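K.L.:
sequence and predicted structure are below.
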Amino acid sequence: MLREGVMIESLKNLEQTAPGLEPVILVGPGLTCVLLGLFLWLAGSAFRRPLAAVAGLLAGAACGFVVIGRNTMSLTIAAAAGCLIAAIIERAYTALAPAGFFFSRLIPALCSTILGTLLIFAGMILLLLYKGSAPITHINDRQSFYGTIGIAMTAFGTITQLLLCRPVGQKATAKKHPHHTDQGPDK
């Protein structure tokens, strides 16, 4: 078991005060995290470009908030710059995609699956905090069990995305029957 540090103590304090919070504070973000996590866990790599733009937007806004402060105009500029940087990085990444399976399919599937798994865990923790079932204490006491579940979820999600999500840039093609036209069967 890991040495209990400041972060674990802070989370346990949150766990003790959570039953006194309004339900909307825990349930709304909890359900949002679980639903977004499920989406990313099973289909995130199919939507790589929009997700990169949103991630850049959020990262730029967060960096702007930390560095600049609460100035709305500065935050907007930082968010736009983050979105632009994410678009440039995504374009460079797409240029590397022909290099093979590793860059074009495995890495996006693995990254979105890991993020989805973490969001599912975070959402479930928030929902269980609302129920008052002390999820942080349970996870801390059974770290190897929950670590194994996280690894299994990551493996399953990655395999699912590799099998079901088509590669970026590849269009779905309809197989045409040689004797079938768009106007109807041949006569």
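P.N.:
Arrived safely, thanks for sending. Numbers count the residues shown, from 1 in each chain.
K.L.:
which non-adjacent residue is nearest Leu51?
P.N.:
Distance criterion CB to CB, 6 or more residues apart in numbering; nearest residue to Leu51, sequence neighbours excluded, is Gly44 at 6.4 Å. All C-beta spots, glycine's among them, are computed from the backbone N, C-alpha and C.
K.L.:
Pro29: neighbour count?
P.N.:
Close neighbours of Pro29, defined as other CB atoms under 10 Å, add up to 14.
K.L.:
and the contacts of the helix or strand encompassing it?
P.N.:
In this structure, Pro29 sits in helix 23-43 according to DSSP states H and E. Here helix 23-43 makes contact (CB atoms under 8 Å, 6 or more residues apart in numbering) with 18, 51, 112-113, 115-127, 129-130, 153, 157, 160-161, 164-165.
K.L.:
name the helices or strands packed onto the host helix or strand of Phe156?
P.N.:
Using DSSP H and E, Phe156 sits within helix 143-164. Helix 143-164 sits against helix 23-43, helix 107-131, with contacts defined as 3 or more CB pairs under 8 Å, 6 or more residues apart in numbering; DSSP states H and E.
K.L.:
which strands or helices does the helix or strand following the shortest one pack on?
P.N.:
Right, the one you point to is helix 23-43. Per DSSP H and E, helix 23-43 leads on to helix 48-67 as the next helix or strand towards the C-terminus. Under the contact criterion of 3+ CB pairs under 8 Å, 6+ apart, helix 48-67 touches helix 72-96, helix 107-131.
K.L.:
just these: most buried one?
P.N.:
helix 107-131 (a mean of 20; mean count of other CB atoms under 10 Å).
K.L.:
the inter-axis angle of it versus helix 143-164?
P.N.:
Put simply, helix 107-131 runs at 130 degrees to helix 143-164, going by axes from the mean of the first three to the mean of the last three CA atoms, to 10 degrees.
K.L.:
helix 107-131: what's the following helix or strand?
P.N.:
Where DSSP H and E defines the elements, the next helix or strand beyond helix 107-131 is helix 135-141.
K.L.:
right, I'll call it a day here.
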